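Model the structure of this input:
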Amino acid sequence: MAVSDGNGWVECACGSRHWGRFGAAGLLLVHGPAGAVDRGPLPGTSTVLLQHRAEWSHEGGTWGLPGGARDSHEDIVTTALRETWEETGIDASSSALLGVQRVDHGSWSYATVVMRADRRGDPRRNRESRDVRWLPVADVADLPLHPGFARSWPVLAGPRVRLVVDVANTMGSRPDGWWRDRALGAQRLVDDLTSLVGMATTPDGQLVSLISAIVEGSASPVVSPDPAVLVTAAPTADEHIAGTVGPGDLVVTADAELRAAAQERGAEVIGPGWVLDRIAEAGR
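Below you'll find the predicted structure:
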């Protein structure tokens, strides 16, 4: 486990060179009212922490996010927080995780971690930056942006959806032998869900930025391999989901009573077939 073992160029299948032997990650740190920021779209008066890249750097002179190469032992949130500290002096470790957007080229990937800061620290720039500052969301599109960030910005600034998965109900909709070992079947499903967060879009085109997987009973000893997939063990999954969802959530279940309860709280509901189809597509 070597420090900075991710540093290096990757000759990508897309024809470009990308920095980060194990991929890369950056942090979109947002300061603004929780109710408006957490699900998006981001209010124009909220602010984001941006870096004006040094001329000598890749795509120098453009504005983008603090970020960089992911080391082999790091998850994407760890990388994004570390790079932000190194490049801006801002410790965002206590910020609320709002979501993830991923761009995956197969041989290389980039993850943008979106977090909400309760307060704005005073940034400082290192040698990789011409400037680092908090800028209003309304002004971002008018800046000379890093091309990758420019492509991602409309999605990052737009609405985001939390996918709330009734694991037992969804697991029961695919005949993969889960009945022989419920915990193993639940773990397989949670592992598969990681392929969707930050990449899948809902039927109405909104980004799935976080996934909450609710497990119960004998399926409870399940862990998530991805910080953007939160596993919650509940005595009764249906009661937990019905009591915690709201507007901006998309609940995955075929249970009629849970569907009605979730819709009553303002959440959208979709059947397990939709998420299983997305998992199958991601595996092709």
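
mind listing the helices for the stretch 1-150 of the chain?
34-37, 76-88, 137-140, 147-156 (DSSP state H, counting those that start in this stretch).

So for the longest one, what gets flagged as buried?
Neighbour-count burial for helix 76-88, counted by 16 or more other Cβ atoms under 10 Å, picks out 76-84, 87-88. No exception for glycine: its C-beta is placed from N, CA and C like everyone else's.

so what does it touch, helix or strand wise?
strand 24-31, strand 47-53, strand 67-69, strand 109-116, strand 129-136 (3 or more Cβ pairs under 8 Å, 6 or more residues apart in numbering; DSSP states H and E).

lowest-confidence helix or strand of this structure?
strand 17-19 (a mean of 83; mean pLDDT, DSSP states H and E).

list the buried ones in that one?
Neighbour count says strand 17-19 has 18-19 buried, by 16+ other Cβ under 10 Å.

so how far is residue 173 from the residue of the chain most remote from its centre?
Centroid-distance maximum for the chain: residue 180 at 32.1 Å, with Cα atoms, centre = their mean. Separation of residue 180 from residue 173 (Cβ to Cβ, to the nearest Å) stands at 16 Å.

before we move on, the earlier item: closest to residue 209 out of the helices and strands packed on helix 76-88?
Distance to residue 209, taken as Cβ to Cβ, is lowest for strand 109-116 among these, at 6.7 Å.

Touching, residue 98 and residue 30? I think so.
Yes - with contacts counted by Cβ atoms under 8 Å, residue 98 reaches residue 30, the gap being 7.4 Å.

Find the residues that touch each one of the two.
Counting by Cβ atoms under 8 Å, 6 or more residues apart in numbering, the common neighbours of residue 98 and residue 30 are 37, 114-116.

Give the rounded mean pLDDT of stretch 231-251.
Across stretch 231-251, the average pLDDT comes to 93.

Nearest to residue 129 among the shared contacts of residue 98 and residue 30?
residue 115 (19.5 Å).

ok, now which ones touch residue 110?
Contacts of residue 110 (Cβ under 8 Å, 6+ apart): 18, 20, 23-26, 67, 102-103, 148.

Now with 7 Å, please.
23-25, 103, 148 (Cβ atoms under 7 Å, 6 or more residues apart in numbering).

Could you do residue 50 as well?
63-65, 133, 135.

10 Å - rerun?
Residues in contact with residue 50, defined by Cβ atoms under 10 Å, 6 or more residues apart in numbering, are 28-29, 63-66, 88, 123, 129, 131-135, 139-140, 143, 145-146, 149.
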